[in-house]
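**Q** Any chance you can model this:
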Amino acid sequence: MTQPKTILLLSGLSGAGKTTALKTLEDMGWEVVDNLPLLLLDRLLDTPLPAGHEAQDERPLALGIDARTRGFDAEAIVKRIKSLRQRHGHDIETLFLDCSGVELERRFAETRRRHPLALDRPAADGIARERELTEPLRRWASQVIDTTGLTTNALQQEIRNRFSREGLSEPVLTILSFGYSRGVPRNADLMFDMRFLRNPHWDDRLRPLTGLDAAVADYIREDPAYEATVGKIEDLLVTLLPRYAEGGKTYITVAFGCTGGKHRSVHVATRVAKYLQAAGFSPTVLHRNIESAPQDSLEKRRPGGPKA
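**A** Here you go, the predicted model:
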């Protein structure tokens, strides 16, 4: 009888990062098989461990499947996975890597690769066709990562956060600061706008500093709305995060934004992360735009003055 296994079915659009994700899982100790013909899936799952290995030594299995896989049929794959769960009790998760069409076209142009479904046509045709073919998998996937704005390193970190074999009893928590003028983070689960707070950018002494500096923190804390608002956000998160865990959510990103992503959002994200750590959570703090150069044109308005 087949022993229940931990299986991750990884699919997505060509160019969205499947190779990077599978390589990261392999580095984390997963057994990885890419583009396995579906007819061989049962044979793979029935293969016994080598002599001398115990059941607890079996590594989790990651299966890469996309439109190039022999016999690819998204609806049939969904039915097959459901059957494997019911018949053998396998713990199966599904991850779909998505990406915007414009970004995929740029990636194919940069790497000079042809899209596998449009070898003699523009990449846009292949992207549209593949999106149509894989839509049932995306709709059914238990997790979706949009890699449009992710670097290779950022995607690797995302995979490590979500599929680490340790510390799975609580959601992986990321506290992110960012600048609205430089784009909204696509993978944020909760987002708080800090642009209502007084802006250190317009103080010549504070402009070169960041929200990690004490002088900037003191300036922001002097805002009359600061303490009550940030305190309510902290209370809200302490209430919500355990509910996410109870619902089986394995990761969550809480994002704090200001105009440039250098002062207000950085300070508040740092404060909230410390508060959550003291409350028993284990947040990772990322400051996406802290190194970005301050620009008056992005900040829009001087205090008491007209729009720039």
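**Q** This structure: strands as residue ranges?
**A** 6-12, 31-34, 61-64, 91-98, 143-146, 172-179, 190-193, 251-258, 284-287 (DSSP state E).
**Q** Not counting its own residues, what contacts the last one?
**A** Outside of strand 284-287, the residues that reach it under the criterion CB atoms under 8 Å, 6 or more residues apart in numbering are 161, 172-177, 210-211, 261, 266, 269-270, 273. For the C-beta atoms, the positions are set from N, CA and C on the backbone; glycine is no exception.
**Q** biggest separation within these, which pair?
**A** Val172 and Thr210 (25.4 Å; CB to CB).
**Q** Pass me the low-pLDDT residue ranges in the stretch 151-300 of the chain, would you?
**A** Across the stretch 151-300 of the chain, residues meeting the criterion (pLDDT under 70) sit at 165-170, 246-250, 294, 296-300.
**Q** can you give me the helices for it?
**A** All helices of the stretch 151-300 of the chain, identified by DSSP state H, counting those that start in this stretch, fall at 152-163, 214-221, 226-246, 264-278, 296-299.
**Q** Buried deepest among those helices, which one?
**A** helix 264-278 (a mean of 22; mean count of other CB atoms under 10 Å).
**Q** Check the offset of that helix from the chain's centre.
**A** In terms of CA atoms, centre = their mean, to the nearest Å, the centre of helix 264-278 is found 20 Å from the chain centre.
**Q** what's that helix packed up against?
**A** Helices and strands touching helix 264-278, by 3 or more CB pairs under 8 Å, 6 or more residues apart in numbering; DSSP states H and E, are strand 172-179, helix 214-221, helix 226-246, strand 251-258, strand 284-287.
**Q** could those go into CSV alongside distance to Lys82?
**A** What follows is these, written out as CSV (distance: least, CB to CB, whole Å):
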stretch, distance to Lys82
strand 172-179, 27
helix 214-221, 51
helix 226-246, 24
strand 251-258, 24
strand 284-287, 34
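**Q** So which of the ones you listed is nearest Arg129?
**A** strand 251-258 (30.7 Å).
**Q** partners of the closest one in the sheet?
**A** Sheet pairing of strand 251-258 (DSSP bridges) gives strand 172-179 (parallel), strand 190-193 (parallel).
**Q** okay, the ones you listed, which one's buried deepest?
**A** Of all the strands paired with strand 251-258, as judged by average neighbours under mean count of other CB under 10 Å, the leader is strand 172-179 with a mean of 24.
**Q** In JSON lines, list the strands of the chain along with distance to Ala215.
**A** JSON lines is the format used below for those (distance: least, CB to CB, whole Å):
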{"stretch": "strand 6-12", "distance to Ala215": "45"}
{"stretch": "strand 31-34", "distance to Ala215": "49"}
{"stretch": "strand 61-64", "distance to Ala215": "48"}
{"stretch": "strand 91-98", "distance to Ala215": "42"}
{"stretch": "strand 143-146", "distance to Ala215": "37"}
{"stretch": "strand 172-179", "distance to Ala215": "18"}
{"stretch": "strand 190-193", "distance to Ala215": "23"}
{"stretch": "strand 251-258", "distance to Ala215": "17"}
{"stretch": "strand 284-287", "distance to Ala215": "17"}
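**Q** so which of those strands comes closest to Asp73?
**A** Using CB to CB, the nearest of these to Asp73 is strand 6-12, at 12.2 Å.
**Q** which one of the strands of the chain lies closest to Arg221?
**A** Comparing those by their distance to Arg221 (CB to CB), the top pick is strand 251-258, with 14.7 Å.
**Q** Low-confidence regions, the stretch 1-150 of the chain specifically.
**A** In the stretch 1-150 of the chain (pLDDT under 70), the answer is 1-4, 38-39, 41-42, 45-58, 70-71, 85-89.
**Q** so who does Glu227 touch?
**A** Listed by CB under 8 Å, 6+ apart, the contact set of Glu227 reads Arg221.
**Q** how far away is it from Arg68?
**A** 55 Å (CB to CB, to the nearest Å).
**Q** Tell me, how many residues neighbour Glu222?
**A** Neighbour count of Glu222, defined by other CB atoms under 10 Å: 10.
**Q** wait, what's in contact with it?
**A** Counted by CB under 8 Å, 6+ apart, Glu222 has contacts Arg198.
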